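J.: Okay, predicted coordinates and the sequence, questions at the end:
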There are 2 protein chains.
Amino acid sequence: MTLRLVPVVAAKTLRRGLSGLDINKRGTPAGEVPVPEATGLAAGAAFLCASLVFQWLQHATGAQESLLPGGGAHAGLVCVLAALFLGFVDDVLDVPWRVKLAMPTLASLPLLMAYTGHTGVVVPHPLRPLLGGLAFLDLGVIYKLYMLAVAVFCTNSINILAGVNGLEAGQTLVLALACAAHSMRVLASLPGAWPAVDAAAKLQAHALSLSLVGPLAGVSAGILCFNWYPSAVFVGDTFTLFAGMTLAVAGILGHYSETLLLLFAPQVFNFVYSLPQLAKIVPCPRHRLPRLDPATGLLHGSNDYNLVNLVLRVGGPRTEKSLATALLCIQAACAVATFAVRHVLAGVYKG
Amino acid sequence: MTLRLVPVVAAKTLRRGLSGLDINKRGTPAGEVPVPEATGLAAGAAFLCASLVFQWLQHATGAQESLLPGGGAHAGLVCVLAALFLGFVDDVLDVPWRVKLAMPTLASLPLLMAYTGHTGVVVPHPLRPLLGGLAFLDLGVIYKLYMLAVAVFCTNSINILAGVNGLEAGQTLVLALACAAHSMRVLASLPGAWPAVDAAAKLQAHALSLSLVGPLAGVSAGILCFNWYPSAVFVGDTFTLFAGMTLAVAGILGHYSETLLLLFAPQVFNFVYSLPQLAKIVPCPRHRLPRLDPATGLLHGSNDYNLVNLVLRVGGPRTEKSLATALLCIQAACAVATFAVRHVLAGVYKG
């Protein structure tokens, strides 16, 4: 559906003047052709259709009660829709930063209401004697505030690690596949590993997660076909905000927000590294992109503080396609490391 | 909040070229000034903030369980957000008609899943002997299809009865106030009038309805201050689709969709009367508006089939302001008639 919708949406956004020049191709003929923006609308529409029909099928076949209870699925859809809407409004009208922080916070309130998981952290085994043998520390409201922060961070973080052909859709695809792998691994481990009541809760949480990251991986792969180097379309904030929020909702309703943050390690690093510019302590241009040498066709790192430029400064000048590939490999390596860390930590936590 | 947001949104949409000429002022100087479009975005954003915070307060104070159970409130928000999003996309990119029918249908599926009310009709007392004494006819799936049709009809019907300064926001204000009056009348009648279990269900349903039509009346009044003759802003499909869907959700989750359709009598008439043109049996121009006589400043009815032109042809030429007032009076008269019909029918149904 995404493959069919993207050209339709791209033609409409181009006609409306929702387009941009490909800054990394400045100085070459390809840098003079306007590229349609905000085509994430096609991916968002396809995702909505998939998840609405999927939820309804689960309901109609009677699976809703056991798998998606307590309005969690609907609360999740509210968040995803709100982020998609905000992203498109931002692409059309340029929303101020404070709105991009306030709106996802408000839109995540239904998520907190529907959240039925734990509100605390498991204490690592070696630390338990220090806390009087306490195995689980319930953080209550603090944990709920933490979840709000996760939702707002994820919604904006993909939008910040961007500006290279294929990077936005590519990192979303890697993240969605990693989340899907995590949920499937937990589901496969369920029989026998947990007490029955815990197993039922985990089944619900990870089934809900899969119902979100599955379609997300699909629409990301679809739009990547157009967004990969050389980009025929730009995905826009419509896609990045929607993708970030969908991953946050999957992590929160799937009860694995800590694992999600490990998977988001490149985004977390990029955000922290960008802070001096985002906070305007260091001058911040509108686009913090590399510099193209038209003679060689290679991108050189600029002085802006972000992961894209860091990779170029550390790894040397390279083509845009090779840069996108390198960034996606880092993303995939972080996913592999996350699963390794989880495997090792499982011993530390369980003793 | 709407009063503060409309000027901000209007400045942004105007800058982006989201504006239109006031067709009913063609030939006068006022007809040459572009008017900002799609400012319903301000009303929609204010509505979202109000209902998200309101739902969260109910949850935080422990009222959620008793008043807004079963994910109904979240399912309703999914529908409202989807309509708001669709409306804004339509204002920016011109969505084809089939999408404006398909998308609200899909978006209403969560509503059907969360619906806990009756799925049938009460048989009027005189007809009961013909049906073997049957007092309640359960229609099952047919009733659910009927609810989908109500959602799709309401979402689009305000959009069709439009094109006169103040008409879109004005009719929404009248309809929202009428729905609020209906819900408050039922809530006031609850003590003593019904068995306890029915009273609890009615309390939930009408509290949910009020939580939707209350904020809707507020944001409609806010935007009407700018949209009333002479319009400083146009509300756009952003507002009409969002307003129509919100009323539909209130009627369905409030279990009074039949009453809602009576309140929508002018929209139902306008839709049926417009059908020959909507179905392209009779030629249909893009805007089916009256004709202005610049010499007198009066609007004359055109040959297009809709309620706006019918009022002008039957009632004679009049100013745009007087035309809007007349149409809103018809809307209010239908509301009064609805309550009278309900009062009379209550006897017929209960015997």
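T.: Perfect, thanks for sending it.
J.: Pretty sure A:M184 sits against A:L210.
T.: Yes: between A:M184 and A:L210 there is a contact under C-beta atoms under 8 Å: 7.1 Å. To be clear about C-beta, it is placed using only N, CA and C from the backbone, and glycine gets the same treatment.
J.: out of those two, which sits in the more crowded spot?
T.: A:L210 (19 against 14; other C-beta atoms under 10 Å in any protein chain shown).
J.: and whichever strand or helix holds that one with chain B, contact?
T.: Counting by DSSP states H and E, the element that carries A:L210 is helix A:196-227. No: residues of helix A:196-227 are not located near chain B by C-beta under 8 Å from any C-beta of the partner chain, the shortest gap being 12.9 Å.
J.: any idea how far that helix is from the chain center?
T.: Relative to its parent chain, helix A:196-227 has a centroid offset of 12 Å by C-alpha atoms, centre = their mean, to the nearest Å.
J.: What is it packed up against?
T.: Helices and strands touching helix A:196-227, as assessed by 3 or more C-beta pairs under 8 Å, 6 or more residues apart in numbering or on different chains; DSSP states H and E, comprise helix A:2-15, helix A:40-60, helix A:64-67, helix A:72-93, helix A:167-193, helix A:236-253.
J.: what number of residues lie near the closest residue to chain B within the stretch 251-351 of chain A?
T.: In the stretch 251-351 of chain A, the residue that lies nearest chain B is A:L253 (12.3 Å; C-beta to the nearest C-beta). Around A:L253 there are 28 other residues, counting by other C-beta under 10 Å.
J.: Verify the contact between it and A:L77 for me.
T.: No: taking contacts as C-beta under 8 Å, A:L253 lies outside contact range of A:L77: 10.9 Å.
J.: Now the helix or strand hosting A:L323: buried residues?
T.: Taking DSSP H and E as the definition, one finds A:L323 inside helix A:320-350. Within helix A:320-350, the residues scored as buried using 16 or more other C-beta atoms under 10 Å in any protein chain shown are A:320, A:323-328, A:330-332, A:334-335, A:338, A:342.
J.: Go ahead and flag the most central residue of chain A.
T.: Central residue of chain A (C-alpha atoms, centre = their mean): A:G244, 3.2 Å from the mean position.
J.: mind listing what that residue touches?
T.: Listed by C-beta atoms under 8 Å, 6 or more residues apart in numbering or on different chains, the contact set of A:G244 reads A:A83, A:C154, A:T155, A:N156, A:S157, A:I158, A:N159.
J.: any idea which of the helices and strands packed on helix A:196-227 scores lowest on pLDDT?
T.: Among the helices and strands packed on helix A:196-227, helix A:64-67 carries the lowest mean pLDDT, at a mean of 49.
J.: Just the closest residue of the stretch 201-350 of chain A to chain B, please.
T.: A:T238 (9.8 Å).
J.: any idea what sits nearest that residue, other than its immediate chain neighbours?
T.: Closest residue to A:T238 apart from its sequence neighbours, by C-beta to C-beta, 6 or more residues apart in numbering or on different chains: A:G40 at 3.6 Å.
J.: ok, the one you found - contacts?
T.: A:G40 is in contact with A:L84, A:G87, A:F88, A:I223, A:V235, A:G236, A:D237, A:T238, A:F239, A:T240, A:F242, A:A243, counting by C-beta under 8 Å, 6+ apart.
J.: What is the nearest of these to B:P104?
T.: Among the contacts of A:G40, A:L84 lies closest to B:P104 (C-beta to C-beta), at 16.1 Å.
J.: Correct me if wrong: the closest one contacts A:F242.
T.: Yes: shown here, A:L84 and A:F242 form a contact pair, counting by C-beta under 8 Å, at 4.1 Å.
J.: Now the common contact residues for the two.
T.: With C-beta under 8 Å, 6+ apart as the test, A:L84 and A:F242 both reach A:G40, A:G44.
J.: These two: which is more packed in?
T.: A:F242 (33 against 27).
J.: Next, the contact list for that one, please.
T.: Counting by C-beta under 8 Å, 6+ apart, A:F242 touches A:G40, A:A43, A:G44, A:F47, A:V80, A:A83, A:L84, A:G87.
J.: How many neighbouring residues does the last one have?
T.: By that I understand A:G87. Neighbour count of A:G87, defined by other C-beta under 10 Å: 29.
J.: Roughly how far does it sit from A:A102?
T.: Taking C-beta to C-beta, to the nearest Å as the measure, A:G87 falls 15 Å from A:A102.
J.: One more: the first one?
T.: Noted for A:G40: a distance of 21 Å to A:A102, by C-beta to C-beta.
J.: same check, this time on the second one
T.: Per C-beta to C-beta, A:A43 is found 25 Å from A:A102.
J.: More neighbours: which of those two?
T.: Using other C-beta under 10 Å as the criterion, A:A43 and A:A102 rank with A:A43 on top: 32 against 13.
J.: my guess is that one contacts A:T240, does it?
T.: No: counting by C-beta under 8 Å, A:A43 does not reach A:T240; the two are 10.6 Å apart.
J.: and the residue lying farthest from the centre of chain A, how far is that from chain B?
T.: Here chain A reaches farthest from its C-alpha mean at A:G132, the gap being 38.2 Å by C-alpha atoms, centre = their mean. A:G132 sits 31 Å away from chain B, going by C-beta to the nearest C-beta, to the nearest Å.
J.: same deal with A:T13?
T.: For A:T13, the distance to chain B - C-beta to the nearest C-beta - is 7 Å.
J.: Could you find the closest non-adjacent residue to that residue?
T.: The spatially closest residue to A:T13, leaving aside those adjacent along the chain, is A:P36, at 4.7 Å (C-beta to C-beta, 6+ apart).
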